[in-house]
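Asks: Test case, fold it:
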Amino acid sequence: MTFQLDCLLTTAGLPLFLVDVCLDVVAAVQFYREGSYLCLGVLLVLLIGSSVLVQLYSWLWYSYDAFEMKTSVERSARPGLGVLHWVQLGIYVRHAAVMETSVKSCSSACDGQGEDTAAFLNQDLSMLRIVETFSESAPQIVLMLTVLLQDGSLGPFQVLKTVGSLSAVAYCVTTYHRCLRSFLPEKEEQSVLSSLVFFAWNLLLLAARIVALALFASVFPCFIFTHFVCSWLLFCYCAWRADTDFMDSVAGEWLYRATVGLIWYFDWFNVLDGKTRKRAILYHAWILLDIFALCGLWFWKMSWDPPGFEASCLQAAIVWGGVVAGYASGLVLRVVYYTCFHPKLNKGELIGSSAQRQSDEVDAPHDDDDGIQGMFRSVEGAGPSRPPLHNKRMKKLAENFYSSSADGAEV
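Replies: Take a look at the predicted model:
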């Protein structure tokens, strides 16, 4: 049932992706008509930069896999795959391939190998969505909310629209989490309730962070770029010190570390397995202090020189306290998730690990008659069965996310 639901969510990915592209075009046209050329320039930088980054990851992963095409869609696009990535259309090949395998895997005629292929492609696509979310969607929400705050046009409809956009970002993180769950043993699969709690605490943390950035940018629009560059450089240094090992090339690894620095600007992302409690506590303490300072500077500016609309000191103080309290509430829900729902596994217990495969071999029947019958069956059949297909990139991330809490550490 869980796999069927994941298939449904995956199949809906391409239409939603196309809708998002259309909305981006509408936003760009609106800025142009209003004469907001600075905002238009920032939006175009976000859209183009994010697209190039995602296409680069997609191309590198194809090259790391020796351009092994697993679906008919990919095989058809193989001759022009490089050109498609150059013109920023390579990601659509992945979307179409995931849709193809998802539909086949949900049919009764699909075997286990088909499900493995669907999971493999979906796992890569989920990571690409994470990259796109934190390089385009999250900064774009900051931009849009900043414009609304400066114009003083933050009405009920705009609030609902912002909440919807924030929910979409948290939903993307949750679907990424569901992909990581595919590496869990069946007995450790998580319930829908755990995904809801996971979504809730991510929504609270992301909303508080993005709102704080938008509040600061609405009164100090120039300094938000300085704040981003300084924070990003600090996070890139931390990623370098963590000595990550995710990509298969040196240049790719540096690209990954730069991307991790961008993700950390908005949300926590675990890059190493092992105990990470101290790293997580240090990160969230830093972000909470940063949010407190950003909202405090906004409150100070609003108290004597409001930009486009006036707010009483009491109202500004309530907003300041509400944002900080929202982040603190998210941290509380995070602790609840890791205490009540997060499975505590060793690295070897994840599907696809060498220890897990050895365990399966030990647990297999060793009766001589069964072995002889199995040998005759493999001779009479189409040959030995293919080993399960596992995505080594996402397996590393799953090891970081799950095995880091095996000894009671929080990721």
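Asks: Which element, helix or strand, includes residue 197?
Replies: With secondary structure defined by DSSP states H and E, residue 197 is part of helix 192-219.
Asks: what do you get for residue 268?
Replies: With DSSP H and E as the test, residue 268 turns up in no helix or strand.
Asks: Adjust the sequence numbering to begin at 828 for everything that follows.
Replies: Right, with 828 as the first residue, what we last looked at is residue 1095.
Asks: Confirm for me that it is in contact with residue 1107.
Replies: Yes: counting by Cβ atoms under 8 Å, residue 1107 is a contact partner of residue 1095 at 6.3 Å. For glycine as for every other residue, the C-beta is placed from the backbone atoms N, C-alpha and C.
Asks: worst-scoring helix or strand of the chain, pLDDT-wise?
Replies: Least confident element among the helices and strands of the chain, by mean pLDDT, DSSP states H and E: helix 1195-1207 (a mean of 40).
Asks: And the helix holding residue 1024, what does it pack against?
Replies: helix 965-978, helix 983-1007, helix 1050-1068, helix 1104-1131, helix 1140-1167 (3 or more Cβ pairs under 8 Å, 6 or more residues apart in numbering; DSSP states H and E).
Asks: Which of residue 1095 and residue 1107 has more residues huddled nearby?
Replies: Higher neighbour count among residue 1095 and residue 1107: residue 1107, with 19 against 16, using other Cβ atoms under 10 Å.
Asks: State the distance from the more buried one to residue 1114.
Replies: The gap separating residue 1107 from residue 1114 is 11 Å, by Cβ to Cβ, to the nearest Å.
Asks: next one: residue 892
Replies: 35 Å.
Asks: And the next helix or strand past the least confident helix or strand of the chain?
Replies: Counting by DSSP H and E, what follows helix 1195-1207 is helix 1219-1229.
Asks: Could you check the angle that following helix makes with helix 983-1007?
Replies: Angle between the axes of helix 1219-1229 and helix 983-1007 is 100 degrees (criterion: axes from the mean of the first three to the mean of the last three Cα atoms, to 10 degrees).
Asks: now helix 1219-1229, how far from the centre of its chain.
Replies: Using Cα atoms, centre = their mean, to the nearest Å, the distance from the centre of helix 1219-1229 to the centre of the chain it belongs to is 13 Å.
Asks: Buried ones in it, by neighbour count?
Replies: 1220-1229 (16 or more other Cβ atoms under 10 Å).
Asks: Please apply the same query to stretch 913-928.
Replies: By neighbour count on 16+ other Cβ under 10 Å, the buried set for stretch 913-928 is 917-928.
Asks: chain center to that stretch, what's the gap?
Replies: With Cα atoms, centre = their mean, you get 18 Å for stretch 913-928.
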